[in-house]
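S.K.: generate coordinates for the sequence data below:
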Amino acid sequence: MKHLVALAALFASLALPAEALEAPKDYAGKWTLSGVSEGDAACTLALTSEAAIGGWGVDLPKDCVDRFAVAQDVAAWTIAPGGAIAFIDPLRHVLLRFEPVAAGGYVAHPANGEPVALDRARVDVAMTERQRMSGAWALTALAGAPTCRLKLTATTNGLSGGIQRLASCQAPWAKSAFATWRRSSGRITLYDAGGRAVVTLKGDSVQGFTGTVKGEFVGFVRQ
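M.R.: Sure thing, here's the model as predicted:
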């Protein structure tokens, strides 16, 4: 009976529209997806608090899709009974169900393939805001498709600076050349050479930034 109740709760949570749910803030941020053995493939993704079909958005960089075949179908994440993290496809089918383990982190056991681990990404908290913001960043689309790679330089306080394009930007809204950026009130805005705001996303220098631009989910993460 307990198993039936748990399954019913899971299906009910997946059936609710994302707008009716509030993302657990403790889960949002950068995570490492990897095999469970030393030396296995690994990549860094981000769980966001932005509403998506059946749950909340997952920012999957291209290297995650390349290294983990199941990642290409992931459309959202949600919380399953027992505190598990479920990755679901656009039809709300559970692709990976990460169960918490005693040693910390989460492990999923796909029907086909080896176990996959999901752990909080390690962040060098000793870095200054200027150091965190300076360097290569990438704008990515919903499924991790690369949109634009940029190099940011930051002022001493890490709240503004310049932008250098490292590769061509594919998204229609990214055709204007980025020139400067500024952070304020938990948001980052990228401006073109004329001082016009092109992209505004929510987040921070540690977990990265996410948001929607002209109806398209966009992530902005360190490389």
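
S.K.: for the rest of this, base every contact and every neighbour count on C-alpha atoms.
M.R.: OK.

S.K.: which stretches of the chain have low pLDDT?
M.R.: Scanning the chain for pLDDT under 70 picks out 1-23, 25, 38, 103, 123-125, 142-146, 175.

S.K.: outline the domain layout of it.
M.R.: Following automatic domain parsing, the chain resolves into domains at 2-120, 129-222.

S.K.: now whichever strand or helix holds residue 63: how far from the chain's centre is it?
M.R.: For residue 63, the enclosing helix or strand under DSSP states H and E is helix 62-67. Taking the mean of its C-alpha atoms, helix 62-67 sits 13 Å from the chain's own mean (CA atoms, centre = their mean, to the nearest Å).

S.K.: that one packs against which elements?
M.R.: When contacts are defined as 3 or more CA pairs under 8 Å, 6 or more residues apart in numbering; DSSP states H and E, helix 62-67 sits against strand 42-52.

S.K.: so which elements touch the next helix-or-strand element following the strand it packs on?
M.R.: As assigned by DSSP H and E, the chain's next helix or strand after strand 42-52 is strand 55-59. When contacts are defined as 3+ CA pairs under 8 Å, 6+ apart, strand 55-59 packs onto strand 42-52, strand 76-80.

S.K.: can you give me the angle strand 55-59 makes with strand 42-52?
M.R.: 140 degrees (axes from the mean of the first three to the mean of the last three CA atoms, to 10 degrees).

S.K.: tell me what angle strand 55-59 forms with strand 76-80.
M.R.: Relative orientation of strand 55-59 and strand 76-80, computed by the same axes, to 10 degrees: 130 degrees.

S.K.: quick check: buried residues in strand 55-59?
M.R.: 55, 56, 57, 58, 59 (16 or more other CA atoms under 10 Å).
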